[in-house]
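Engineer: Turn this into a structure:
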Amino acid sequence: MITSNARCLADLPDRFNAADDILRPNLEQGRGTKTAIIDTRGALSYQALSERVDRMAGAIRRWGFEPGDRVLLCLLDTRDFPTVFLGAIKAGVIPVPLNTLLTADDYHWIVANSEARGAFVSGDLADRWQGIANDYPQLTMVSSEGGPWSDLEAAIESARPIPEPAATRAEDIAFWLYTSGSTGKPKGAMHRHAALRLTANLYGRGVVGYRESDTVLSVAKLFFAYGLGNALSFPLAVGATVVLNRDRPLPEIISDLLKTHQVSILCGVPTFFAGWLNSDDCPTQAQLPSLRQAVSAGEALPAHLGETFKTRFGTDILDGLGSTEMTHIFVSQRPGQVRYGCTGRVVDGYEIRVVDENGVDVPEGDIGNLIVRGDSSAAAYWNNPEKTATTFQNGWTLTGDKYTIDGDGWLTYAGRMDDMLKVGGIYVSPIEVEEALSSHDSVLEAAVVGAEDDEGLVKPHAYVVLKAGAEPDEQALKAHVKAQLAPYKYPRWFSFVTELPKTATGKIQRFKLRAS
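Structural biologist: Below is the predicted model:
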């Protein structure tokens with residue numbers, strides 16, 4: 001199977017399995033003893049990883065999962081994530097990575113929506129799945145690194161390896177990634193087997209320049225589309241080594257990993273870079289001479305962060321724009337071609353347009369809606385024809401982002417088409433936060449918009465109307481939201497007001513709050 005130069009679906013053979021395509025060439029090219037993964041359990045070679053994936057495929061079959069079945073991955077970043085993810089794909093089963101920061105209610109909804117037949121859960125997260133396991137006795141539950149259900153490691157060790165991949169095609173669905181929408185309910189973006197190879201070639205190799213000698217660390221976790229490329233498909237596609245961090249990406253933890261393993265490619269989000277660069281734990285260039293490239297995505301990178309990074313480490317952060325729907329980054333800066341404050345230019349292999357509400361290209365410098373076309377696009381949203389029709393139109397994917405483009409093709413971010421917020425690179429629905437706030441006994445109504453902190457990064461700002469006689473209590477409201485939603489969604493600021501701006505029909509005018 002020769003896929004190293006694949007740039008589109010037409011370059012790939014019809015018989016194609018994404019897991020086999022990523023792993024087998026490493027063994028054929030003599031990298032079996034080379035370290036593929038470093039995690040808290042130590043180093044894992046390419047040969048050992050391949051054997052784990054083959055045994056995982058065998059365990060998948062033994063549990064009775066059939067091709068096309070969905071299995072959920074609520075796994076921290078250890079060797080178990082790539083083992084289960086690639087093992088399922090190799091067996092023709094569809095893995096569905098989940099955000100490990102969600103609530104039990106979020107997971108409950110996804111289990112029902114996906115019609116999943118199995119769930120792989122890290123022991124640290126098991127408490128949020130106990131009720132689900134009780135409500136869905138037909139759901140096969142498997143524990144990673146401790147937990148109350150079948151032990152993953154024991155299942156791998158006892159399984160018969162299946163080295164031959166399932167007879168899948170490049171256009172078949174290989175995995176799903178859930179992405180949030182404006183209603184707060186996630187949508188299951190269904191991705192083809194071709195997507196991992198195409199994004200690895202077009203962005204991983206073609207822009208960042210991943211190579212066999214690299215050691216890679218991604219602050220963004222593997223359950224994100226961004227992290228999945230950074231720390232799984234991109235390094236494994238070239239035979240590099242990836243360092244996985246199962247814990248929260250605190251500055252001291254990341255700094256220690258970077259120095260210990262002399263990481264050469266660091267992938268993060270602006271929120272991380274802002275905190276890390278201001279931390280006493282941030283290493284100097286002398287302590288981290290191996291670092292040759294950094295990548296940022298998830299939200300627009302403020303220019304001053306890029307400039308501070310360049311001064312400290314002597315190399316640039318490549319800002320980029322990607323999406324769950326497109327699998328990874330499709331607009332990016334390039335090594336030696338960086339304009340801080342701009343997102344970059346279109347990645348080779350993709351087409352972009354900036355259009356008005358009628359789909360007509362806007363003049364240079366005017367703000368318009370960014371749309372993109374490329375073969376790494378998701379096929380559709382699972383069981384959601386309405387959202388599929390509005391997002392995927394005639395081969396083009398609507399990004400939901402507002403951009404300007406100049407005569408040289410440089411794109412500059414201008415905001416979201418809707419009221420969605422991006423906090424730490426993760427979409428947050430203001431409706432969801434408003435509903436959580438409004439459920440507090442003291443709150444009459446609430447509206448949430450995005451506001452920039454001192455680093456120029458967006459965080460939720462809540463405007464709250466209290467019930468008569470209630471006293472403002474920011475800490476109580478923050479705790480209330482954190483108890484109901486994933487912790488990153490809580491408002492950082494509160495403005496207590498007597499009324500909210502509304503239209504004649506009662507809709508909240510958030511644009512007026514953003515302008516206040």
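Engineer: which stretches of the stretch 1-150 of the chain form helices?
Structural biologist: In the stretch 1-150 of the chain, the helices defined using DSSP state H, counting those that start in this stretch lie at 18-28, 46-62, 80-90, 104-114, 130-135.
Engineer: closest to G368 out of the ones you listed?
Structural biologist: Across the helices of the stretch 1-150 of the chain, G368 has its closest neighbour in helix 104-114 (32.8 Å, Cβ to Cβ). Quick note: C-beta positions are derived from backbone N, CA and C, even for glycine.
Engineer: coming back round to it: deepest-packed of the helices of the stretch 1-150 of the chain, please.
Structural biologist: helix 80-90 (a mean of 28; mean count of other Cβ atoms under 10 Å).
Engineer: thinking C267 is in contact with L291, fair?
Structural biologist: No: the pair C267 / L291 is not scored as a contact, 11.7 Å apart, by Cβ atoms under 8 Å.
Engineer: R205 - that's part of a strand, no?
Structural biologist: No: going by DSSP: H, G, I helix; E, B strand; the rest coil, the assignment for R205 is helix, not a strand.
Engineer: In contact with it, which residues?
Structural biologist: By Cβ atoms under 8 Å, 6 or more residues apart in numbering, the residues touching R205 are 234, 237-238.
Engineer: and with 7 Å instead?
Structural biologist: V238 (Cβ atoms under 7 Å, 6 or more residues apart in numbering).
Engineer: same deal with C282?
Structural biologist: By Cβ under 7 Å, 6+ apart, the contact set of C282 is 251, 255, 276.
Engineer: cool, and N383?
Structural biologist: N113.
Engineer: wait, is it part of a helix?
Structural biologist: No: applying three-state DSSP, one finds N383 to be coil, outside a helix.
Engineer: per-residue confidence for it?
Structural biologist: Model confidence at N383, given as pLDDT, is 96.
Engineer: coming back round to it: now, which of the contacts of C282 sits nearest V208?
Structural biologist: W276 (19.3 Å).
Engineer: how about a markdown table for the helices of the stretch 1-150 of the chain, with mean pLDDT added?
Structural biologist: Formatted as a markdown table, the helices of the stretch 1-150 of the chain follow (pLDDT from 0 to 100):
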| stretch | mean pLDDT |
| --- | --- |
| helix 18-28 | 98 |
| helix 46-62 | 98 |
| helix 80-90 | 99 |
| helix 104-114 | 96 |
| helix 130-135 | 98 |
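Engineer: returning to that earlier point: who wins on neighbours among the contacts of C282?
Structural biologist: Highest neighbour count within the contacts of C282: W276, with 23 neighbours (other Cβ atoms under 10 Å).
Engineer: Can you list the residue ranges for helices in the stretch 201-350 of the chain?
Structural biologist: 225-228, 234-238, 251-261, 270-277, 303-313.
Engineer: Can you name every helix or strand that the last one contacts?
Structural biologist: This points to helix 303-313. The contact analysis (3 or more Cβ pairs under 7 Å, 6 or more residues apart in numbering; DSSP states H and E) places helix 303-313 against helix 270-277, strand 317-322.
Engineer: Relative to E66, which of these is closest?
Structural biologist: With Cβ to Cβ, the closest approach to E66 among the helices and strands packed on helix 303-313 belongs to strand 317-322: 31.8 Å.
Engineer: Hey, what's the angle from the closest one to helix 270-277? Just curious.
Structural biologist: Put simply, strand 317-322 runs at 160 degrees to helix 270-277, going by axes from the mean of the first three to the mean of the last three Cα atoms, to 10 degrees.
Engineer: Could I get the buried residue list for stretch 385-395?
Structural biologist: Using 16 or more other Cβ atoms under 10 Å as the test for burial, stretch 385-395 gives 387-388, 391-392.
Engineer: Hmm, G320 is touching C342, no?
Structural biologist: No: applying Cβ atoms under 7 Å as the test, G320 and C342 come out as separate, 10.9 Å apart.
Engineer: of those two, who's got more company?
Structural biologist: Neighbour totals were compared for G320 and C342, and G320 leads with 25 against 21 (other Cβ under 10 Å).
Engineer: Let me see the contact set for the more buried one.
Structural biologist: Applying Cβ under 7 Å, 6+ apart, we find G320 in contact with 295, 297, 329, 331-333, 343-344.
Engineer: Among those residues, name the ones in strands.
Structural biologist: Counting by DSSP state E, the contacts of G320 place 295, 329, 331-332 in strands.
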